[in-house]
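In: Predicted structure and sequence below. I'll ask about it afterward.
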Amino acid sequence: MPNPKGNPENLKSFTTDRDKPLTGRLAFRVTEEVEAKVKSLDNYPEFCRQAIAKALSELEGSGDEII
């Protein structure tokens, strides 16, 4: 019978070596093809973070206002 309280390994607190914690969340819709391509990448969440950061820095450099 499975443990009703879950796996004790999952109850340990998460630590990171990042300067700032990743507490914000974003959600947006994409086509199934884009989703499949992105999820096929190794460490796709980090890929998405870097892609968004790069796009934002390009916007800042172009003089466009970021809201």
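Out: Received, thanks.

In: Check the protein and tell me which residue is nearest its centre.
Out: Nearest to the mean C-alpha position of the chain, by Cα atoms, centre = their mean, lies P45 at 3.8 Å.

In: just for the protein, where's the confidence low?
Out: For the chain, the stretches with pLDDT under 70 are 1, 10-11, 63-67.

In: contacts for the longest helix along it?
Out: Using DSSP state H to define each element, the chain has its longest helix at helix 44-62. The contact list for helix 44-62, computed with Cβ atoms under 8 Å, 6 or more residues apart in numbering, reads L22, L26, V38, L41, I66. C-beta here means a position set from N, CA and C on the backbone, and glycine is covered the same way.

In: still on that earlier bit, from G61, how far off is the residue nearest to the centre of the chain?
Out: 25 Å (Cβ to Cβ, to the nearest Å).

In: likewise L26?
Out: From L26 over to G61 the distance is 22 Å, taken as Cβ to Cβ.

In: ok, now R18?
Out: Counting by Cβ to Cβ, the gap from R18 to G61 is 24 Å.
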